[in-house]
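Trainee: following is a predicted model, sequence given first.
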Amino acid sequence: MVMSQKKRPLQAFSEEMPRKGTVGRRERRQAETRDRLMHAALRLFAQRGLADTSVEDITEAADVGKGTFFNYFPSKEHLLIAFGQYQVRKVEAALAEAREAKIPIHQVLRRLVHSVSRDPGRTPLLIRSIMVAPLTNDAVRESMIVNMARGRKALAELMTIGQQRGEIRNDLSPRHLARAVQQGMFGGFLLWSLDPALEISGWLDTWVEIVFAGIKTSEAEKTPPSRPAVRR
């Protein structure tokens with residue numbers, strides 16, 4: 001099953017989309033051009049894969065000059081770096097949601113994984129492009145390491161909140177729990193990219209249930225120890 005390739009607002013891709021009144025027209029146009037390139041690239045990567053998409057294909061789809069591309073990205077692989085930053089911000093948004101709204105961690109995790117699965121142009125080809133690029137491009141690999149660490153940090157803070165609320169087991173460190181969650185998400189998308197018949201939208205709910213069953217507080221931990229009977 002191939003995920004819908006419905007367009008999302010271009011603002012969604014900006015690291016920091018300038019707001020009217022805070023910067024000039026030139027800066028806003030630059031941000032819009034950068035987002036147009038990103039949006040076009042993701043659509044093409046999803047349809048053709050990274051290897052079969054050229055810079056010229058991207059600029060044509062974005063309706064900008066080929067030379068303009070290199071004012072924003074050193075190579076087409078660098079578009080995946082920006083995409084990785086966008087992904088990390090989703091994890092950080094989930095953390096903020098847990099802090100501010102006090103939503104149960106189980107629900108936060110479910111919303112997070114579905115948010116990740118709804119990325120524009122999410123297809124097996126796009127996932128394979130994301131997996132392959134770090135193996136062939138040093139800049140992408142180094143950036144991916146940084147992004148993964150940043151995402152793990154946010155997940156660890158999320159696990160800490162869960163432990164403080166008594167929702168998450170406290171016999172493991174938040175860092176180890178965060179790594180386990182990240183590995184599960186990463187591995188799941190990789191498996192789906194190899195076999196799209198897995199239907200990722202349904203698999204995600206099952207994954208959340210399995211993972212949460214392993215990290216949640218046990219009934220024994222929730223039950224306060226009984227006091228010894230007082231002999232009279």
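Mentor: Cool, got the structure. Numbers count the residues shown, from 1 in each chain.
Trainee: surely D205 and H106 touch.
Mentor: No. Between D205 and H106 there is no contact under CB atoms under 8 Å: 11.5 Å. Where you see a C-beta, it was placed from the backbone N, CA and C, and this is true even at glycine.
Trainee: when these two are compared, which one has more neighbours?
Mentor: H106 (18 against 12; other CB atoms under 10 Å).
Trainee: show me what counts as buried in the host helix or strand of the more buried one.
Mentor: Assigned by DSSP states H and E, H106 belongs to helix 105-117. Within helix 105-117, the residues that qualify as buried by neighbour count (16 or more other CB atoms under 10 Å) are I105, H106, V108, L109, R110, R111, L112, V113, V116, S117.
Trainee: same question for stretch 134-153.
Mentor: P134, N137, V140, S143, M144, N147, M148, R150, G151, R152, K153.
Trainee: residues near the closest residue in space to the last one that isn't next to it in sequence, how many?
Mentor: Spatial nearest neighbour of K153, excluding adjacent residues (CB to CB, 6 or more residues apart in numbering): A178 at 7.7 Å. The criterion is other CB under 10 Å. On that basis, A178 has 22 neighbouring residues.
Trainee: for A178, give its distance to T53.
Mentor: For A178, the distance to T53 equals 33 Å [CB to CB, to the nearest Å].
Trainee: with T136 instead?
Mentor: Separation of T136 from T53 (CB to CB): 14 Å.
Trainee: then F73?
Mentor: 13 Å.
Trainee: for E209, same thing?
Mentor: 36 Å.
Trainee: these two - which one has more neighbours?
Mentor: More neighbours surround T53 than the other of E209 and T53, with 22 against 13 (other CB under 10 Å).
Trainee: quick one, what contacts the more buried one?
Mentor: A41, L44, F45, K76 (CB atoms under 8 Å, 6 or more residues apart in numbering).
Trainee: pLDDT on stretch 47-62, on average?
Mentor: For stretch 47-62, the mean per-residue pLDDT is 93.
Trainee: do stretch 145-157 as well
Mentor: Computed over stretch 145-157, the mean pLDDT rounds to 96.
Trainee: what do you get for stretch 97-116?
Mentor: The predicted model assigns stretch 97-116 a mean pLDDT of 89.
Trainee: same question, stretch 176-192
Mentor: Regarding stretch 176-192, the rounded mean pLDDT is 90.
Trainee: next SSE downstream of the biggest helix by length in the chain?
Mentor: Identified as the longest helix of the chain according to DSSP state H is helix 138-165. Tracing the chain past helix 138-165, the next element assigned as helix or strand by DSSP H and E is helix 174-194.
Trainee: right, and the helix or strand after that next one?
Mentor: Going down the chain from helix 174-194, the next helix or strand is helix 200-215, by DSSP H and E.
Trainee: against which helices or strands is that next one packed?
Mentor: Using 3 or more CB pairs under 8 Å, 6 or more residues apart in numbering; DSSP states H and E, the elements in contact with helix 200-215 are helix 105-117, helix 174-194.
Trainee: got the CA positions of it in CSV?
Mentor: What follows is helix 200-215, C-alpha atoms only, in CSV (Å, rounded to 0.1, in the frame of the first residue of the first chain):
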residue,chain,number,x,y,z
ILE,A,200,2.3,0.9,7.7
SER,A,201,-0.7,2.8,9.0
GLY,A,202,-2.1,-0.4,10.6
TRP,A,203,1.3,-1.7,11.7
LEU,A,204,2.0,1.5,13.7
ASP,A,205,-0.8,1.0,16.1
THR,A,206,0.3,-2.5,16.8
TRP,A,207,3.9,-1.3,17.3
VAL,A,208,2.8,1.4,19.8
GLU,A,209,0.9,-1.2,21.8
ILE,A,210,3.8,-3.7,21.8
VAL,A,211,6.4,-1.0,22.7
PHE,A,212,4.2,0.6,25.4
ALA,A,213,3.5,-2.8,26.9
GLY,A,214,7.3,-3.1,27.4
ILE,A,215,8.0,0.3,28.8
